[in-house]
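Novice: model the structure of this input:
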Amino acid sequence: MGARTIAVAAVVGVCLGVLLTLLYINRRRIYKAVAAAPPEDLPTYFKWKERFLVPVRNQKGCAACWALSVCDMMSDTINLRSGGQWGRNHLSPQYLISCWHDHQGCNVGGSPEATYDLPQLTEAGIPLEEEFPYTATDTAPCKAITEGVLRVRTIKNTGRDLCVDPATVPESVRQQVIDANIVRMKKALLNGPIVGTLRVHEDLYKYDGLAIYQVTPGSRQIGYHAVEVIGYCDESVNWAEPGFDDGYWVVRSSWGENWGARGIRYGFAYVKMGCNEADIESRASVCEVEMPESAKDAIAATDIDTMRYTSYTQYVEDPERSHFVGAMVKNHAKSL
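Specialist: Residues are numbered from 1 along each chain as shown. Sure, this is the predicted structure:
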């Protein structure tokens, strides 16, 4: 087994905690949030521009996907709303791991939804990565943060569960529940990236990013993994990239920049939409982020439409687009 496979296998295996913490979701809270979603005039293609997102992370040998996905969602929301002026600043997942003790450590993991209303987020705030660097361990003590440094906060009581788990409803209404989950996820994405969950199977280790991901029948289940969802494409909308005819979600993992499309630096996946593939439409969440004072002038001056694609044609025609499959195929061929 090669070093790359070992590294990916180690990383995939360490977010098993998301499986265990599926039980965390407060059913009363989630069912309150899932009144039938009305039809919406939603874009058929939507994606936040990758060049404004924080660089892809590598969680290494720690089940920290829950902390990384929350930190990246928060930082990306600020930078997108500020027109890129705030910067691609990583927040510190180590702060969450070391200063909150109700998760299950690097061997098991934690729950993104459990963090949104913590005093560490709503009152103290998360510092930047440089103030509390990621060590991929759960033994680093909570450290005092220098007084006066920038800290980013969530707004209390704004956390939202966007999905009802289809497995909890009768099969006769399961597809309606999935469809309603999709609408809520899409609506939330219009305001910024959201936190999602993938059921991990062994075949995901070898995913190359050159087609829509669907679980290979018989592929062994490993666990669950928290991800950041940044966009979607409806069925039959993608007319320029072969193999992408079905609808899909655009998700970003925390398995490093070399996971995904081989031959290029990547870190993203495209997961089939509409059938709860790999449980992508069974669990997603988001919360409001308090905008830092230093970013408020830039936010007021930003045309948010310059930070996102609201049609597939707009994406294809952007000379600064990222991850277009034609470029992927070309780079992949060179790497063989």
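Novice: please enumerate the strands of the stretch 1-150 of the chain.
Specialist: Taking DSSP state E, counting those that start in this stretch as the criterion, the stretch 1-150 of the chain carries its strands at 45-48, 126-127.
Novice: what's the most buried one of those strands?
Specialist: Mean neighbours per residue, mean count of other CB atoms under 10 Å, is largest over the strands of the stretch 1-150 of the chain for strand 126-127, with a mean of 24. No exception for glycine: its C-beta is placed from N, CA and C like everyone else's.
Novice: that strand - contacts with which helices or strands?
Specialist: Using 3 or more CB pairs under 8 Å, 6 or more residues apart in numbering; DSSP states H and E, the elements in contact with strand 126-127 are helix 93-99, strand 151-152.
Novice: to Ala144, which of the strands of the stretch 1-150 of the chain lies closest?
Specialist: Closest to Ala144 of the strands of the stretch 1-150 of the chain, according to CB to CB: strand 126-127, at 10.6 Å.
Novice: can you list the strands that the closest one pairs with?
Specialist: The pairing partners recorded for strand 126-127 under DSSP bridges are strand 151-152 (antiparallel).
Novice: got a list of contacts for the strand it pairs with?
Specialist: Strand 151-152 is contacted by residues Met74, Ser75, Ile78, Leu91, Ala124, Gly125, Ile126, Pro127, Ile145, Val289, Glu290, Pro292 when judged by CB atoms under 8 Å, 6 or more residues apart in numbering.
Novice: shaky segments in the stretch 51-200 of the chain?
Specialist: Of all residues in the stretch 51-200 of the chain, none has pLDDT under 70.
Novice: can you map out the helices along it?
Specialist: 65-81, 93-99, 105-108, 119, 174-189 (DSSP state H, counting those that start in this stretch).
Novice: distance from the chain centre to the fourth one, please.
Specialist: Counting by CA atoms, centre = their mean, to the nearest Å, helix 119 is centred 23 Å from the centre of its parent chain.
Novice: try the longest one
Specialist: Between the centre of helix 65-81 and the centre of its host chain there is 8 Å, according to CA atoms, centre = their mean.
Novice: no further queries at this time; thank you.
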